[in-house]
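*Asks:* Fold the following for me, if possible:
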Amino acid sequence: MRRLFWGLAAVLLVSWVPLQAKLSVSPVIIEAEQVKAGQSFAVLLRQEGQKPLELELSWALFDQDPAGSVVLLEDPDSVKRAEGLLAVEPSRLVVQPGESVEVAVRVLQADFQQLYAALLVRPVRSGPPTRLAVLFLLSTGQQRPRVGVAAWERSGKALTLTLENSGLSHGLWEGELLLFDAAGQLGETRRVQSGLVLPGRCRGLEVSLPGWVENVEIRPLQLGEGP
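*Replies:* Numbering: from 1, shown residues only. Below is the predicted model of the structure:
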């Protein structure tokens, strides 16, 4: 599963995370299975500015909209749940210019199957709010995703797939498009891959088609997850 997420950070970190140019976090996604209470994860904060930067770290949950974008859940119940399951130390600190500081995230309780939490890193200062986020995709077991094509539509030179995850874990869809010309001849086989789909969620995938394509056959590369 780990291979699914490298390269997806740009998809997950969307407009609600305006980057503070002189501060970076690493990694931006932490994904783990069979998580236990007491387990720890390290997050590195790097400051390239010219002045000391005071930071505040806090928690939220996150979800996904139909476009596949991350949606922060910062209502009191979501924040309380995240804070009851995860802790970060320190939660407030000052990072000097050119300094890298490691903070530790600890699992307080593991009474969940899946947890989608965001560690928010905010500079403590006046002015427009800015923040970075580290996304945690954690599971206590080895539940599998089941991402399939729920619907598809062709409009001109674009094919739009609606992908649905009916499984118990996050995952993505991989498949092949068999492109046929007007004579019924196979002209191209194209491999496609969606972005991340959370359990119980749908997202769209749009693929541009060559002008000569008359018919398209969708073939999943995951057993039992067809259109």
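
*Asks:* Contacts for the lengthiest helix in the chain next, please.
*Replies:* Looking across the chain with DSSP state H, the single longest helix is helix 76-85. Here helix 76-85 makes contact (C-beta atoms under 8 Å, 6 or more residues apart in numbering) with 58-61, 107-112, 115, 117-118. Every residue, glycine included, has its C-beta placed from N, CA and C.

*Asks:* Distance of the residue of the chain most remote from its centre relative to N215?
*Replies:* In the chain, the greatest distance from the average C-alpha position (C-alpha atoms, centre = their mean) is reached by A183, at 41.3 Å. Noted for A183: a distance of 11 Å to N215, by C-beta to C-beta, to the nearest Å.

*Asks:* now do R106
*Replies:* Per C-beta to C-beta, R106 is found 54 Å from N215.

*Asks:* In which helix or strand does the closest residue to E206 other than its chain neighbours reside?
*Replies:* The shortest distance from E206 to any non-neighbouring residue, by C-beta to C-beta, 6 or more residues apart in numbering, is to T160 (4.9 Å). Following DSSP states H and E, one finds T160 within strand 158-165.

*Asks:* partner strands of that strand, parallel or antiparallel?
*Replies:* strand 147-155 (antiparallel), strand 202-208 (antiparallel) (DSSP bridges).

*Asks:* and these as CSV, adding mean pLDDT?
*Replies:* Listed next are the strands paired with strand 158-165 as CSV, based on pLDDT from 0 to 100:
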stretch, mean pLDDT
strand 147-155, 94
strand 202-208, 95
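
*Asks:* quick one, which of those strands is nearest to R92?
*Replies:* Nearest to R92, of all the strands paired with strand 158-165, is strand 202-208, at 35.6 Å by C-beta to C-beta.
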